[in-house]
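> Below: sequence and its predicted model.
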Amino acid sequence: MNWLLEPLEFGFMRQALLAGILVAITCSALGVFVVLRQMAFMGDAVAHTTLPGLVIAYLNRWNLFFGALIAAIVTAIGIGWLSRRQQLREDTAIGILFSGMFALGIVMISYTNGYRDLTHMLFGNILGVTTSDLIGIILVSIVVLGALLAFGKELILTSVDPLHSQVIGLSAERMRYLLLILLAMTVVTAIQAVGVVLTTALLITPAATASLLTKRMHIMFIYSASVAIAGCVIGLYSSWYLGISCGGAIVLACTSIFGAVFCIRNLAFMRW
């Protein structure tokens with residue numbers, strides 16, 4: 001048991017574990033809707049478009065987390081507005097704002113010498129999560145999970161059968177905006193744990209793994225959260241004992257679980 005308890009003797013490891021579990025639960029729950037709606041590229045786009053918010057917050061000595069959050073929400077709403085009523089395809093709107101916002105961030109960085117100060121948000125540093133960061137993660141997790149509980153049925157219906165939801169008078173557009181805003185909040189929260197580059201994997205991989213195991217929605221949420229939490233714990237301990245990147249280790253752990261489930265599932269079908 002010593003190898004399990006030894007890392008937890010340090011405060012930063014306990015904070016990292018708590019932050020990782022909160023991020024894992026939030027990402028995995030929202031990830032189910034992202035997979036159902038085929039919005040995988042959305043998470044990646046929102047993660048990258050936080051860059052201007054990070055730079056503006058850095059230049060004004062604001063909290064980087066809230067700077068990234070504002071930029072992500074603006075991007076999500078912008079994508080929803082551009083693609084409303086199918087004036088543009090959603091992937092086209094994503095591509096326009098993705099490239100435009102990221103380019104804006106790069107231009108703004110060129111006017112500063114503070115690129116290194118932004119790397120912990122760009123590439124993730126879960127071991128460096130402070131008490132204030134943890135409070136922010138807790139608040140965002142409460143808001144996102146609370147919204148999913150309050151509007152879960154509506155989100156599921158608009159995701160699975162949008163035509164039926166329209167017939168019964170449920171506004172699919174409002175649910176879409178709600179999902180986009182929740183996605184923006186979740187992505188910014190996950191950035192602190194695994195960084196921009198790996199956030200998409202934490203959103204998609206646990207939910208994709210769960211979709212291989214069941215088609216029942218409430219069971220899918222449980223499986224998705226279990227995979228994400230397991231990946232977080234395995235990744236943190238691997239980082240501690242092997243001296244590797246925490247963010248990369250967490251995502252590789254989730255990917256390994258997906259690979260194992262995929263192989264076992266295919267072997268089972270082959271036997272039948």
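Right, received. Where do you want to start?
> does the closest residue to H48 other than its chain neighbours count as helix, strand or coil?
Using C-beta to C-beta, 6 or more residues apart in numbering and skipping residues adjacent in sequence, the residue nearest H48 is F102, 4.9 Å away. Every C-beta, even on glycine, is put in place using the N, C-alpha and C of the backbone. Put simply, F102 is helix when judged by DSSP: H, G, I helix; E, B strand; the rest coil.
> what pLDDT does F102 get?
F102 is assigned 80 on the pLDDT scale.
> How much space separates L139 from A19?
12 Å (C-beta to C-beta, to the nearest Å).
> From the neighbour counts alone, determine which of these two ranks first.
A19 (24 against 12; other C-beta atoms under 10 Å).
> separation between the more buried one and T189?
Applying C-beta to C-beta, the value for A19 to T189 is 9 Å.
> G53 - nearest residue in space that isn't next to it in sequence?
The shortest distance from G53 to any residue other than its chain neighbours is 2.7 Å, reached at A71 (C-beta to C-beta, 6+ apart).
> nope, A72 is what I meant
A184 (3.7 Å).
> T205 contacts G259, doesn't it?
No. With contact defined as C-beta atoms under 8 Å, T205 does not reach G259; the gap is 9.8 Å.
> Just want to know which of those two has more residues nearby.
Taking neighbours as other C-beta under 10 Å, T205 and G259 compare with T205 leading, 27 against 12.
> Who are the contact partners of the more buried one?
Counting by C-beta atoms under 8 Å, 6 or more residues apart in numbering, T205 makes contact with V227, G231, V251, C254, T255, I257, F258.
> What is the neighbour count of the fourth one?
For C254, the tally of surrounding residues (other C-beta under 10 Å) stands at 30.
> Now for it: which residues touch it?
A201, L202, T205, P206, T209, V227, A228, A230, G231, G235.
> And the third one, how far from A24?
Okay, so that is T205. Distance of T205 to A24, given as C-beta to C-beta: 11 Å.
> thought L145 was touching I25?
Yes. The criterion here is C-beta under 8 Å, and L145 meets it with I25 at 7.2 Å.
> Between the two, which has more neighbouring residues?
The residue with more neighbours, out of L145 and I25, is I25; 21 against 17, by other C-beta under 10 Å.
> Sticking with the more buried one, tell me its helix or strand.
Per DSSP states H and E, I25 falls inside helix 11-36.
> Show me the helices in this structure, by range?
2-5, 11-36, 40-48, 51-59, 64-82, 90-109, 115-122, 131-150, 152-160, 162-167, 172-213, 217-242, 246-271 (DSSP state H).
> If you average pLDDT over each of those, which is lowest?
helix 115-122 - the lowest mean pLDDT of the helices of the chain, at a mean of 57.
> I'd say H164 and T158 touch.
No. Look at H164 against T158 with C-beta under 8 Å: they stay out of range, at 9.1 Å.
> can you list residues touching both of T205 and A24?
Shared contacts of T205 and A24, counting by C-beta under 8 Å, 6+ apart, come down to G231.
> Now, of the contacts of T205, which are buried?
V227, G231, V251, C254, I257, F258 (16 or more other C-beta atoms under 10 Å).
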